[in-house]
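Participant: here are the coordinates; sequence isn't available:
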């Protein structure tokens, strides 16, 4: 149960937990607790984490269907927490959070959405739902502001957390980089689909560039044996390290599953190839609802496919290896991509990040609704 003055927060994925932890820290000093769904980062920041995101880490429509009873229990429990809360803070994770927003509105609980759903990818329907159920939106991509403002939703650009809250290190120069980073995703189901093809691409690369160093960035939400099994089956030499930022910053190039890691790679000026594979059914369903030509966040921000995207059937080991190879040399392909990446930090800054999100939360709690 919650008590009057408590804030319920829902961050259902690894990246959401990372970003929300800074908000939890900034909310320190309130009489109530922050309680709900998140992970280790939010827990370390002082949140009462009742539901850990790793226990609900699935990918695609089929993954959700397979775990439907568990997800329904989670939704009921989160709604029960919201019933007596002073504020509901949704962090990304729209599949569940949009339903929780509607429940909060019906109970008269104010709603703040931080890291808003990618409505530019999924279409107008989610904007309409948010207009009916959300009091304030804090966006992290500058172009999102106009989307919500035009729908009449109070919105503020607070800066991207990669730049504002946990600023990435200065990019290493090319002469201090070596090898290829492999980032196959943050969830076990995602890693099992994508890592084998990336390791096969690594083997193809090694055939033409012997002694290339390959380093896999391991997600804390995925068991170590998932990586060990994939490496053993592929028969390729690859190291596994836990810090994705360090792995990217000391690599010459990267093979990255579509997601926020593509933006990390770009901000670190690490040339990359974006790869994504899922089940045939998940892919067919996603194609019916996704409305944008590019899937990589960095390409969405830059307005064109600067980093090569190889998705589903086009994500073959040979194609991936061929796309990565020119990025390892100090040639035109590498320089052109890095040059495009260098303006991203400035465009994603300019806000006050988690500190401002916490201020918005306090304003909504004080007013009991729209700020």
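Facilitator: That came through, no problem. Since the structure is predicted, the reported quantities are computational estimates derived from the model, not experimental observations.

Participant: CA only for contacts and neighbour counts going forward, please
Facilitator: OK.

Participant: helices or strands next to the longest helix anywhere in the chain in the packing?
Facilitator: Ranked by number of residues, the top helix in the chain under DSSP state H is helix 188-208. Helices and strands in packing contact with helix 188-208 are listed as helix 224-234, helix 317-324; criterion 3 or more CA pairs under 8 Å, 6 or more residues apart in numbering; DSSP states H and E.

Participant: Just give me the neighbour total for residue 244.
Facilitator: Taking other CA atoms under 10 Å as the neighbour definition, residue 244 ends up with a count of 19.

Participant: quick one: it and residue 305, what's the gap?
Facilitator: Applying CA to CA, to the nearest Å, the value for residue 244 to residue 305 is 23 Å.

Participant: Need the residue closest to the centroid of the chain.
Facilitator: Most central residue of the chain, judged by C-alpha distance to the mean C-alpha position with CA atoms, centre = their mean, is residue 260 at 4.2 Å.

Participant: follow-up on the earlier one: just the residues contacting the longest helix of the chain, thanks.
Facilitator: When contacts are defined by CA atoms under 8 Å, 6 or more residues apart in numbering, helix 188-208 is touched by residues 57-59, 182, 184-185, 212, 214, 221-223, 226-227, 230-231, 234, 236, 255, 257, 275-278, 315-318, 320-322, 325.

Participant: Give me whichever of the helices and strands packed on helix 188-208 is most buried.
Facilitator: Relative to the other members of the helices and strands packed on helix 188-208, helix 317-324 carries the highest mean neighbour count by mean count of other CA atoms under 10 Å, namely a mean of 19.

Participant: in the stretch 1-150 of the chain, which segments are predicted with low confidence?
Facilitator: Confidence mapping of the stretch 1-150 of the chain against pLDDT under 70 gives the ranges 1, 57-67, 120-125.

Participant: Please, where are all the helices along it?
Facilitator: Assigned helices in the stretch 1-150 of the chain, in chain order: 14-26, 40-44, 60-66, 68-82, 94-106, 119-122, 124-133, 144-150 (criterion: DSSP state H, counting those that start in this stretch).

Participant: Mean neighbour count added to the ones you listed, as JSON lines?
Facilitator: Compiled in JSON lines, these are given as follows (neighbours: other CA atoms under 10 Å):
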{"stretch": "helix 14-26", "mean neighbour count": "22"}
{"stretch": "helix 40-44", "mean neighbour count": "19"}
{"stretch": "helix 60-66", "mean neighbour count": "14"}
{"stretch": "helix 68-82", "mean neighbour count": "16"}
{"stretch": "helix 94-106", "mean neighbour count": "19"}
{"stretch": "helix 119-122", "mean neighbour count": "16"}
{"stretch": "helix 124-133", "mean neighbour count": "16"}
{"stretch": "helix 144-150", "mean neighbour count": "16"}
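
Participant: who wins for proximity to residue 298 among those helices?
Facilitator: With CA to CA as the criterion, residue 298 lies closest to helix 119-122 of the helices of the stretch 1-150 of the chain, at 13.6 Å.

Participant: looking at it, residue 35 is touching residue 50, isn't it?
Facilitator: Yes. In this structure, residue 35 is within contact of residue 50 by CA atoms under 8 Å, at 6.9 Å.

Participant: more crowded one of the two?
Facilitator: A count of neighbours by other CA under 10 Å puts residue 35 above the other of residue 35 and residue 50, at 27 against 14.
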